[in-house]
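Student: okay, here's the prediction I keep looking at, along with the sequence it came from:
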Amino acid sequence: MWNERQKSPGCPASDSPRRQTLYAGPVTHAGPMTHVGPVRLARSVCLSGLLLVLAGCGGGGTDSPSAADSAAVFQSSQPYRIVTTVGMVTDIVRTVAGDRAEVFGLMGPGVDPHLHSPSRDDVNRLLQADVVIYGGLNLEGKMTRVFEDMAAKGRVVFAITDGLPRDVLRSPPEFEGHFDPHVWMDVSLWSRCAEHVAQRLAELDPPHAAGYAERAAALKQQLKQLDEYARTSLQSIPEQRRVLVTAHDAFGYFSTAYGIPSRSVQGLSTESEASVADINALVKFISERGISAVFIESSIPEDRIEAVLEGVRSRGGEVRIGGELYSDAMGPEGQYEGTYIGMIDHNVTTITRALGGQAPTGGMNGKLRQAAGKESTGKPNP
Ligand SMILES: [Zn+2]
């Protein structure tokens, strides 16, 4: 029951990115939603009831674990239950927790966390979880408030990014007061987040502290190798061509960490909509720089970048889609690209090869299934 994914009959499906193009006009990213279309409104009404259930869950309800239950569950030799959000968090937590916990991720391949609404089953899983770990920094959009309320009511709920000092976080001037949540794009920072998970789980489950530390240390070694692969590969792209153009601004940390300037059609959250002026500015930039390839993202409908391609071509420029990147969701479950390491390896290898740098087709470990430059299959069918 715990491991089965079920569709909720009560709410519109929220798993498909193609169903999430609900906007008719631009909204500002940083402020509250000001433009609410009819479909979004219908879902909000349904969602609000679910969120109330979650926000109201204290320690004393019959469905949610009380403080005493929590202490007992961590002392037991049986696995306890962790619920996570995006795949990048799920994968790290699963590795660090080992066999001490069953980990269930709410957001699978192709799901856009900025727009995701929990189903009834998701809500039940959150209510029954012993620990909830999310991305934080507003990555999970409207669910963020629920997590904060659950934590305030004494549930064990924390963000994987809680342990990072604020001065390592990006806070782009155009989004004053908001940090960029796409921290996993800098492998060294995500490695520190893994350490934070190990520390927090060790505090909850002290008899097994050594196990968490050991697994986190092994993971950190692998991530160090990945970080070095990313740096070496991306730096091999000729400087003039070393620019990453994507659908939304998920690659800021990636850009800073690995020395590849990035530009995007949309802002930090997919909740914002690109204006005509934004698109025109990007078309001009791509045309003038002679950029040959731009990239689509598995969790965002492809049409977001089509206007840019058309604009460049109408100016006589030649530009193609260099491949599909995993930005806010990992690749298909059960495949190498469906792990955090595989996802970053795929991105680095795809970008490097499409822009004329040197990277093996199979990536860092020779495990990549998709040859760089070809479209991947991470998207669920609409
Ligand atoms: Zn994003």
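Tutor: Noted; the coordinates are in hand. Keep in mind it's a predicted model, so treat the numbers as computed, not measured.
Student: walk me through the domains of this protein.
Tutor: Annotated domains of the chain cover 17-224, 236-354 [automatic domain parsing].
Student: which one of the ones you listed is the most hemmed in?
Tutor: For the domains of the chain, the largest average neighbour count (mean count of other Cβ atoms under 10 Å) is found in domain 236-354, namely a mean of 20. (Glycine included, C-beta is placed from N, CA and C.)
Student: quick one: mean pLDDT over that domain.
Tutor: Mean pLDDT, computed over domain 236-354, is 91.
Student: so R81, which state does it fall into?
Tutor: At R81, secondary structure determined by DSSP: H, G, I helix; E, B strand; the rest coil is strand.
Student: meant to ask about P118
Tutor: P118 ends up coil, using three-state DSSP.
Student: ok, now how distant is it from the ion?
Tutor: Using Cβ to the ion, to the nearest Å, P118 is found at 18 Å from the ion.
Student: pretty sure that residue sits against N124.
Tutor: No. P118 is beyond contact range of N124, at 9.6 Å (criterion: Cβ atoms under 8 Å).
Student: overlap in contacts of those two?
Tutor: With Cβ atoms under 8 Å, 6 or more residues apart in numbering applied, the contact sets of P118 and N124 do not overlap.
Student: which strands and helices sit next to the helix or strand that contains L126?
Tutor: Using DSSP states H and E, L126 sits within helix 120-128. Packed against helix 120-128 by the contact rule (3 or more Cβ pairs under 8 Å, 6 or more residues apart in numbering; DSSP states H and E) you find helix 38-55, strand 80-84.
Student: in its sheet, what does the helix or strand just after that helix sit against?
Tutor: Per DSSP H and E, the first helix or strand lying C-terminal to helix 120-128 is strand 131-134. Strand pairing for strand 131-134, using DSSP bridges, gives strand 80-84 (parallel), strand 157-159 (parallel).
Student: for the ones you listed, give me CSV that also has mean pLDDT and distance to D345.
Tutor: Formatted as CSV, the strands paired with strand 131-134 follow (pLDDT from 0 to 100; distance: least, Cβ to Cβ, whole Å):
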stretch, mean pLDDT, distance to D345
strand 80-84, 98, 21
strand 157-159, 97, 25
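Student: so which of the ones you listed gets nearest K142?
Tutor: Closest to K142 of the strands paired with strand 131-134, according to Cβ to Cβ: strand 157-159, at 15.3 Å.
Student: show me what the next helix or strand after the closest one is packed up against.
Tutor: Where DSSP H and E defines the elements, the next helix or strand beyond strand 157-159 is helix 187-204. Under the contact definition 3+ Cβ pairs under 8 Å, 6+ apart, helix 187-204 sits against helix 87-97, strand 131-134, helix 209-235, helix 252-258.
Student: counting contacts, what elements does the next helix or strand after the second one pack onto?
Tutor: This means strand 131-134. Sequence-wise, the next helix or strand downstream of strand 131-134 (DSSP H and E) is helix 143-152. Where contact means 3+ Cβ pairs under 8 Å, 6+ apart, helix 143-152 is packed against helix 38-55, strand 131-134, strand 157-159.
Student: then I296 would be within a strand, right?
Tutor: Yes. Counting by three-state DSSP, I296 is located in a strand.
Student: look up how far E324 lies from it.
Tutor: 5 Å (Cβ to Cβ, to the nearest Å).
Student: of all the helices and strands packed on helix 187-204, which one is nearest the ion?
Tutor: helix 252-258 (10.0 Å; Cβ to the ion).
Student: thinking again about what came up before, how about TSV for the helices and strands packed on helix 187-204, with distance to the ion added?
Tutor: Formatted as TSV, the helices and strands packed on helix 187-204 follow (distance: least, Cβ to the ion, whole Å):
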stretch	distance to the ion
helix 87-97	11
strand 131-134	14
helix 209-235	19
helix 252-258	10
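Student: got the CA positions of stretch 337-354 in PDB?
Tutor: In PDB, the C-alpha atoms belonging to stretch 337-354 read as follows (Å, rounded to 0.1, in the frame of the first residue of the first chain):
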ATOM      1  CA  GLU A 337      19.200   8.900 -15.700                       C
ATOM      2  CA  GLY A 338      16.500   8.300 -13.000                       C
ATOM      3  CA  THR A 339      19.200   8.800 -10.300                       C
ATOM      4  CA  TYR A 340      20.700  12.100  -9.200                       C
ATOM      5  CA  ILE A 341      24.200  11.100 -10.500                       C
ATOM      6  CA  GLY A 342      22.800   9.900 -13.800                       C
ATOM      7  CA  MET A 343      20.700  13.000 -14.200                       C
ATOM      8  CA  ILE A 344      23.600  15.400 -13.800                       C
ATOM      9  CA  ASP A 345      25.900  13.100 -15.900                       C
ATOM     10  CA  HIS A 346      23.200  13.200 -18.600                       C
ATOM     11  CA  ASN A 347      22.900  17.000 -18.500                       C
ATOM     12  CA  VAL A 348      26.700  17.600 -18.500                       C
ATOM     13  CA  THR A 349      27.400  15.100 -21.300                       C
ATOM     14  CA  THR A 350      24.400  16.400 -23.400                       C
ATOM     15  CA  ILE A 351      25.400  20.000 -23.000                       C
ATOM     16  CA  THR A 352      29.100  19.400 -23.600                       C
ATOM     17  CA  ARG A 353      28.600  17.400 -26.800                       C
ATOM     18  CA  ALA A 354      25.900  19.600 -28.300                       C
END
